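Visitor: okay, structure incoming, though there's no sequence with it:
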């Protein structure tokens, strides 16, 4: 990539930093240059977030319809999957899957709820009372 | 840049990739002023390609354009005879105590962290990715002074925030991983040249003769075969998200552009100067070409996830572009191999 071709399309990095890229200067030698971003990758990131938002919205609906427990919703909201949530709670994925069922969730111990609440950065009552 | 907030000896270095940056800045701190990001990347045989089978990351394919986390620091230090201390901890309190001891001694240290809870990162970039690296180089008013190599300036984190990211959970959980160069002997030009040739030879081996069909240059063909099937198998929507994931792994902050290929081209240019060997400078051009081709394929992929390109023939074209890239990279590494450097 030539230095003059380095894109400068503002994106999510705007308030954070410009990024270092390796480009060819006029003498055909490599040097570093700072870029604000590139439309092509910005759109990839945007579409990843659209997907996340849709998953979260579907999870919310599932809780509202009584199909899934709040654990499922907050897992999606925090961009987690089973291995990650298992890491933060110390609860095995097999049991987490069971806790997605509203009937099982209702009978969860205070201790387990606390583990989930801590992993999700919310209070136990926020977790217990989430209705979708 | 806010120079005042840096300690006398430690100098923040902004680089494309975090691990290269930590390696470069820590080695420079210890007097290795010649160290640059491309040199660290090349000595550490950083260039790679892999699509890890059966694994999905953030609901997309697990693809990497670089070698495994931690390898660059380890290999580069080793080839320069630099002894390294690294520790992981089971308890956050012990990890914090060890870090505090190092800060008190005035020793800058590398830390592996997760980015999900990294407060200074933009929200859009905070996924559960646990192989980010930064340097802690001091403490001021109860906050750790942080040099994050992807940033233009230094920053800071509270005790709680740093502890949290050092104990992020999930795949590649850092477990408080802390590392720093310990003993450094004088480095001769001969050692640098040897490190360069060893790094190139190892990279040739990784890209050309790694077993299995999903890694090295053959890994590119593996992904190319997948891309042909994605539209039918996953539906257009999921398939385009998968392409988006490739573009992010390839072009996002940390890669230097073109899936680290430009960075490797810059390394070969430096290597040519160290080894007084113009053939390396010529092969550098091949990697520049590969990087440009990766970027061209990214533009094509963007056409799909923007919804402009929807046909199977578009996926076929992308797959064909990847096959062309594979050929360019394969030939470039075969040329490097035939140089018989260091033999």
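Guide: Ah, there it is. Predicted, not measured: the structure shown is a model, and the values here were computed from it.

Visitor: where in chain B is the helix or strand with the lowest mean pLDDT?
Guide: Within chain B, confidence by mean pLDDT, DSSP states H and E is lowest for strand B:47-57 among all helices and strands, at a mean of 91.

Visitor: what angle separates the helix or strand just after it from strand B:47-57?
Guide: For strand B:47-57, the succeeding helix or strand toward the C-terminus, using DSSP states H and E, is strand B:60-66. Put simply, strand B:60-66 runs at 160 degrees to strand B:47-57, going by axes from the mean of the first three to the mean of the last three Cα atoms, to 10 degrees.

Visitor: which elements pack onto strand B:60-66?
Guide: Judged by 3 or more Cβ pairs under 8 Å, 6 or more residues apart in numbering or on different chains; DSSP states H and E, strand B:60-66 is in contact with strand B:47-57, helix B:217-251. C-beta: built from backbone N, CA, C; applies to glycine.

Visitor: what mean pLDDT does it get?
Guide: Strand B:60-66 shows a mean pLDDT of 94.

Visitor: helix/strand/coil for the residue of chain A most remote from its centre?
Guide: For chain A, the residue at maximal distance from the C-alpha centroid (Cα atoms, centre = their mean) is residue A:27, at 43.0 Å. Residue A:27 falls in the coil class when you classify it by DSSP: H, G, I helix; E, B strand; the rest coil.

Visitor: how close does it get to residue B:33?
Guide: 24 Å (Cβ to Cβ, to the nearest Å).

Visitor: for residue A:39, which non-adjacent residue is spatially closest?
Guide: Spatial nearest neighbour of residue A:39, excluding adjacent residues (Cβ to Cβ, 6 or more residues apart in numbering or on different chains): residue A:9 at 4.3 Å.

Visitor: residues from chain A in reach of chain B?
Guide: Residues of chain A lying close to chain B by Cβ under 8 Å from any Cβ of the partner chain are A:1, A:6, A:12-24, A:29-30, A:32, A:34-35, A:38-41, A:43-45, A:47-49, A:51, A:78-81, A:83-84, A:87-88.

Visitor: and the spatially most central residue of chain A, helix, strand or coil?
Guide: Among the residues of chain A, the one closest to the centroid is residue A:79, at 2.8 Å (Cα atoms, centre = their mean). Three-state assignment for residue A:79 (three-state DSSP): coil.

Visitor: what score does it have for pLDDT?
Guide: pLDDT for residue A:79: 96.

Visitor: tell me if I'm right that it and residue B:127 touch.
Guide: Yes - with contact taken as Cβ atoms under 8 Å, residue A:79 and residue B:127 are classed as touching, separated by 5.9 Å.

Visitor: circling back to that earlier point, show the contacting residues for the residue nearest to the centre of chain A.
Guide: Shown in contact with residue A:79 (Cβ atoms under 8 Å, 6 or more residues apart in numbering or on different chains): A:52, B:58, B:116, B:126-128.

Visitor: same check, this time on residue B:43
Guide: The neighbourhood of residue B:43, defined by Cβ under 8 Å, 6+ apart, consists of B:75-76, B:79-80, B:195-196, B:198-199.

Visitor: how about 6 Å then?
Guide: Neighbouring residues of residue B:43 by Cβ atoms under 6 Å, 6 or more residues apart in numbering or on different chains: B:76, B:79, B:195, B:199.

Visitor: strands of chain A, start to end?
Guide: Applying DSSP state E to chain A gives strands spanning A:19-24, A:30-35.

Visitor: redo those strands as CSV? Include mean neighbour count.
Guide: Below are the strands of chain A laid out as CSV (neighbours: other Cβ atoms under 10 Å in any protein chain shown):
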stretch, mean neighbour count
strand A:19-24, 25
strand A:30-35, 17
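
Visitor: please, where are all the helices along the chain?
Guide: With no chain named, the answer covers chain A. A:39-64, A:70-77, A:82-89, A:93-99, A:102-106, A:110-120, A:124-128 (DSSP state H).

Visitor: you looked at the wrong chain, it should be chain B
Guide: Using DSSP H, helices in chain B cover B:18-29, B:37-43, B:71-79, B:92-105, B:159-166, B:189-208, B:217-251, B:261-275, B:278-305, B:312-338.

Visitor: below-threshold pLDDT in chain B: ranges please.
Guide: Along chain B, segments meeting pLDDT under 70 span B:1-8, B:343.

Visitor: which residue does it have closest to chain A?
Guide: residue B:169 (2.9 Å; Cβ to the nearest Cβ).

Visitor: angles on the backbone of that residue, please.
Guide: Torsion angles at residue B:169 (phi, psi; degrees, to the nearest 10) stand at phi -120, psi 170.

Visitor: may I have the predicted confidence score for the spatially closest residue to residue A:85 that is not a sequence neighbour?
Guide: Computed as Cβ to Cβ, 6+ apart, the closest residue to residue A:85 that is not its neighbour in sequence is residue A:75, at 5.3 Å. Residue A:75 carries a pLDDT value of 98.

Visitor: right, and residue A:75 touches residue A:83 too?
Guide: No - assessed by Cβ atoms under 6 Å, residue A:75 is found out of contact with residue A:83, at 11.2 Å.

Visitor: how about the contacts made by the single nearest residue of chain A relative to chain B?
Guide: Using Cβ to the nearest Cβ, residue A:87 is the residue of chain A that sits closest to chain B, at 2.9 Å. Taking Cβ under 6 Å, 6+ apart, we find residue A:87 in contact with B:169-170.

Visitor: repeat the analysis, applying 8 Å as the threshold.
Guide: B:169-170, B:173.

Visitor: stretch B:114-130 and chain A, are they touching?
Guide: Yes - Stretch B:114-130 reaches chain A (Cβ under 8 Å from any Cβ) through B:116, B:120-128.

Visitor: tell me the buried residues in that stretch?
Guide: B:114-118, B:121, B:125, B:127-130 (16 or more other Cβ atoms under 10 Å in any protein chain shown).

Visitor: ok, stretch A:33-45 next?
Guide: The neighbour-count check on stretch A:33-45 (16+ other Cβ under 10 Å) flags A:33, A:35, A:37-38, A:40-45 as buried.

Visitor: in a markdown table: the helices and strands packed on strand B:60-66, plus mean neighbour count.
Guide: Formatted as a markdown table, those follow (neighbours: other Cβ under 10 Å):
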| stretch | mean neighbour count |
| --- | --- |
| strand B:47-57 | 17 |
| helix B:217-251 | 20 |
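
Visitor: which secondary structure elements does the least confident helix or strand of chain B contact?
Guide: strand B:60-66, helix B:189-208, helix B:217-251, helix B:261-275.

Visitor: adding distance to residue B:315, write those out as CSV.
Guide: As requested, the helices and strands packed on strand B:47-57 are exported to CSV (distance: least, Cβ to Cβ, whole Å):
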stretch, distance to residue B:315
strand B:60-66, 14
helix B:189-208, 25
helix B:217-251, 5
helix B:261-275, 23
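
Visitor: about what we covered before: point out the most buried one among the helices of chain A.
Guide: Compared across these, helix A:70-77 shows the largest average neighbour count, a mean of 24 (mean count of other Cβ atoms under 10 Å in any protein chain shown).

Visitor: residue contacts, the residue lying closest to residue B:44 once chain neighbours are set aside?
Guide: Closest residue to residue B:44 in three dimensions, ignoring its sequence neighbours and counting by Cβ to Cβ, 6+ apart: residue B:72, at 3.3 Å. Listed by Cβ under 8 Å, 6+ apart, the contact partners of residue B:72 are B:19-20, B:23, B:40-41, B:44-46, B:66.
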